[in-house]
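Chemist: here's a sequence, model it:
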Amino acid sequence: MEYMVKGADIHLYQPDFNLDETLDCGQAFRWERDGEGYCGFKLNKPLRIYSEKDYFVLKDTTEKDFLEIWADYFDLDTDYGEIKRIFTEDETLSKAHGYAGGIRILRQDSFEALFSFIISQNNNIPRIKGIIGRLCEMYGGFPTAEQVKGTTAEDFSPLRSGFRAKYLADCAEKVNNGIIRLDEIKNMPVEDARRELMKIKGVGPKVADCTMLFGMYKLECVPMDVWMKRVMERFYPDGFPDYVKPYAGIAQQYLFHYGRTGDLL
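Modeler: Reported below is the predicted structural model:
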């Protein structure tokens, strides 16, 4: 990670990073295009970021915020070049990261990721963003677990989230009464963590795995939707090779993007 403080901005020189591929691939829902860049949030900290010829500009960002918030959020200390070098041992993965090698895993807040992926069930990205936008309007930003304490499905009716409202209410109840302890789940083995998250009504394996990958940085998780099921059945019927498994979630992002928007399938 190389950067320079330039007035009120941060100029970031970072290989293996593409804003479109990272911010518009379905792993986060609070980023919107703004001219040549994006505006969005980590929790309720806003950022505008755009790319110049060979660097990125983080507008109106202090060095302290960059180092303490954004470097972690964009996973800037992880050597994706080395991970992609490992993936070149596999022909399919080599093609996938060649197609969209600028994807990075966003390190999101675990409660925000959990709530967001509950909303994402059987939904499309514009509608997910609309529901989350209305949620943020209701609370003046993305709510904390404490802020949604005691909410009911009826309380969430202004979100127009349909059947998901009762799942959000159950999630709020279980997180606030200690049945679901996200800080503890972060440190559990994946199978145990998945089982804990699935105690929430409406949370199945895919939502649990998305929460773990994007909200807890458990890179061994591979959320399975229709696209990934097709990819795995065709190319990895026996699962990923052992050398891929520590970075399976990153492999999933490359393969998902290539399968959904490219010619992999």
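Chemist: next up, the contacts around the nearest residue to residue 145 once chain neighbours are set aside.
Modeler: Take residue 145 and drop its neighbours on the chain: the residue closest to it by Cβ to Cβ, 6 or more residues apart in numbering is residue 175, 4.6 Å away. C-beta: built from backbone N, CA, C; applies to glycine. Residues in contact with residue 175, defined by Cβ atoms under 8 Å, 6 or more residues apart in numbering, are 111, 114, 145, 182.
Chemist: what's the local residue count around the first one?
Modeler: Think residue 111. 22 (other Cβ atoms under 10 Å).
Chemist: ok, the spatially closest residue to residue 216 that is not a sequence neighbour to residue 14 distance?
Modeler: Of all residues not flanking residue 216 in the chain, residue 186 sits nearest, at 4.6 Å (Cβ to Cβ, 6+ apart). From residue 186 across to residue 14, the span is 26 Å (Cβ to Cβ, to the nearest Å).
Chemist: so between the two, which is more surrounded?
Modeler: residue 14 (17 against 14).
Chemist: wouldn't the more buried one be in contact with residue 1 here?
Modeler: Yes: counting by Cβ atoms under 8 Å, residue 14 does reach residue 1; the two are 6.3 Å apart.
Chemist: common neighbours of those two, please.
Modeler: By Cβ under 8 Å, 6+ apart, the residues touching both residue 14 and residue 1 are residue 76.
Chemist: about what we covered before: and the residue nearest to residue 145, which helix or strand is it part of?
Modeler: Secondary structure assignment for residue 175, by DSSP states H and E: helix 164-176.
Chemist: of all the residues in that helix, which ones are buried?
Modeler: Using 16 or more other Cβ atoms under 10 Å as the test for burial, helix 164-176 gives 164-176.
Chemist: any idea of the mean pLDDT in that helix?
Modeler: Regarding helix 164-176, the rounded mean pLDDT is 98.
Chemist: now the angle between helix 164-176 and the host helix or strand of residue 117, please.
Modeler: Element membership of residue 117 [criterion: DSSP H and E] is helix 110-119. With axes from the mean of the first three to the mean of the last three Cα atoms, to 10 degrees applied, the angle from helix 110-119 to helix 164-176 works out at 160 degrees.
Chemist: ok, residues contacting helix 110-119?
Modeler: 28-29, 43, 128, 131-132, 135, 142-145, 161, 164, 167-168, 171, 175, 182-183, 185-186, 197, 200, 202-203, 207, 210-211, 214-216.
Chemist: please save the CA atoms from that helix in CSV.
Modeler: Extracted in CSV, the C-alpha atoms of helix 110-119 (Å, rounded to 0.1, in the frame of the first residue of the first chain):
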residue,chain,number,x,y,z
SER,A,110,-20.7,-7.7,10.8
PHE,A,111,-24.2,-6.4,11.9
GLU,A,112,-24.6,-4.3,8.7
ALA,A,113,-23.6,-7.2,6.5
LEU,A,114,-26.0,-9.5,8.4
PHE,A,115,-28.9,-7.1,8.1
SER,A,116,-28.1,-6.3,4.5
PHE,A,117,-27.9,-9.9,3.3
ILE,A,118,-31.1,-10.8,5.1
ILE,A,119,-32.7,-8.0,2.9
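Chemist: how far off centre is that helix?
Modeler: Chain-centre distance of helix 110-119: 10 Å, with Cα atoms, centre = their mean, to the nearest Å.
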